[in-house]
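Q: Fold the following.
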Amino acid sequence: MTDPYLTTRSIVFILASWQMDAPAGIERATAALAVGLAAGGHRVAIATAALPQPGPGLDGVAIEPLDLPVTFPCDDYVLREAIEQTKEKLQAQLREITARHRADTVVFTDALWGLGRLADGLPDGVRRVLAAHVLPNPQDTPAALARADTVIIPSPVVQAEARAAGWPADAWRVVPNALLYPSSAPPDDECIQRRQFAPVRVLARLGHEKGLVPLLVAAAGWTRRLEVRVAHADFETAAGSQAELLDYCQALASAAPNITLLDQQLTWREVPGWLGAAAAVIVPSLKETFGLVALEAMSAGVPVVSYPVGNLPALKAGSTDAGRLVGDPRRGPDTLLQAVDGILADPVAYGRTSKAMYHLAQDYRPDRIADLFLKAVS
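A: Numbering: from 1, shown residues only. Predicted coordinates for the structure are as follows:
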């Protein structure tokens, strides 16, 4: 008998805000899983309401447009209202896309943004998967969970949060996020030695939970160069909140000669190289259900300094120097800067940690995560 996850599948992912090179983890993780599945010979499509971007797409992945009357960026309330107003039309679109691709599996990448609350509109026999990258919104979760055959999450952190919120999460399956462009080889000794004199870097979207403001305040006058690259996502907590946060960050960076703030967006393909050219990468997030930026830096063999929050400790578990790469959230971002100083002051530990980061990241290559996904949903 053939294992069901080894047969050719046809899978449609749904994410209202998905577009190439979007500076958001769920979009990038969806792309990486789709590419991993397509490389394994499966038929894959992504349905999105975002405007198409110029340039190359994803190898082997079809992009399907959804007609949803909303302008991005927007918040949950605006998107929910638009979905409710066009519910029947959206469900008809999903049925047509599912039928045209002969999809056996549809992945709703969130209860709201992945249209999981509309899963009842699919034909019988199609497997409904809810991908809960973060704790689902309580307004949308009941309908999405009631219609999901399988719920997948990127880490046990989401499962713990769901249990604490009272959701029935015991049967949820962990399918980690994948690297879209994994490095092909670990950094050599010459690269590691040269990189120790490079700037320290931060890459984050504009959200207060990313901890940018406290880090910029603490790093003013730091002896090391700090480059912080920020970007706008298609979702925000309130209209204009990203622009307001950007203005604040720019003011803080302008007052500190050692800090450079960059707001030009990188393509997904450019991200690993930019992170890989840093002496170290700081992830100052106050919460992370997975930590994709940390993983991308690790894949390039760069030490990652973060608070021990969410899934970040699990990513670095296995490195003998992992304990040196954490800050204390109770004492604030000064401890992140001190951790960077500590690892860069010890060339032997720095080289050992750089190589360990690369090898730990290999567990998240797209082919391996695609196999985990197929086992979880079969």
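
Q: wait, what's in contact with Q91?
A: 118, 121 (C-beta atoms under 8 Å, 6 or more residues apart in numbering). Bear in mind the C-beta positions are built from the backbone N, C-alpha and C, glycine included.

Q: Now it, what are its backbone angles?
A: phi -60, psi -40 (degrees, to the nearest 10).

Q: ditto for K375
A: Torsion angles, degrees, to the nearest 10, at K375: phi -70, psi -40.

Q: Surely A111 is in contact with L130?
A: Yes - the pair A111 / L130 is scored as a contact, 6.7 Å apart, by C-beta atoms under 8 Å.

Q: which neighbours do these two share?
A: Contacts common to A111 and L130, judged by C-beta under 8 Å, 6+ apart, are 136, 144-145.

Q: and the gap between H232 and G57?
A: Distance, H232 to G57, using C-beta to C-beta, to the nearest Å: 21 Å.

Q: And the two? Which one has more around it.
A: Neighbour count, other C-beta atoms under 10 Å: between H232 and G57, H232 has more, with 19 against 13.

Q: Was I right to think the more buried one contacts A24?
A: No - contact between H232 and A24 fails when scored by C-beta under 8 Å: they sit 9.6 Å apart.

Q: which neighbours do those two share?
A: In contact with both H232 and A24: R205, using C-beta under 8 Å, 6+ apart.

Q: pLDDT below threshold where in the stretch 1-150 of the chain?
A: Scanning the stretch 1-150 of the chain with the threshold set as pLDDT under 70 gives 1-6.

Q: isn't there a strand covering I11?
A: Yes - read with DSSP: H, G, I helix; E, B strand; the rest coil, I11 is one of the residues of a strand.

Q: Quick check: the nearest residue to it once chain neighbours are set aside vs L37, distance?
A: Closest residue in space to I11, ignoring its immediate chain neighbours: T105 at 4.7 Å, by C-beta to C-beta, 6 or more residues apart in numbering. In this view, T105 and L37 are 10 Å apart by C-beta to C-beta.

Q: Show me how far stretch 310-317 is from its chain's centre.
A: Mean-position distance between stretch 310-317 and its chain equals 14 Å (C-alpha atoms, centre = their mean, to the nearest Å).

Q: hmm, who's touching it?
A: Contacts of stretch 310-317 (C-beta under 8 Å, 6+ apart): 154-157, 283, 285, 287-291, 294-295, 298, 304, 306, 322, 325-326, 357, 360.

Q: Flag every buried residue along that stretch.
A: 310-313, 315-316 (16 or more other C-beta atoms under 10 Å).

Q: can you tell me the average pLDDT over it?
A: With pLDDT averaged residue by residue, stretch 310-317 scores 95.

Q: Report how many residues lie close to the nearest residue to R225 once chain neighbours are set aside.
A: Leaving out its chain neighbours, the residue that sits closest to R225 by C-beta to C-beta, 6+ apart is P199, at 4.0 Å. Using other C-beta under 10 Å, P199 has 17 neighbouring residues.

Q: gap between P199 and A297?
A: P199 is 13 Å from A297, by C-beta to C-beta.

Q: So for those two, which residues contact both of them?
A: Common contact partners of P199 and A297 (C-beta under 8 Å, 6+ apart): A278.
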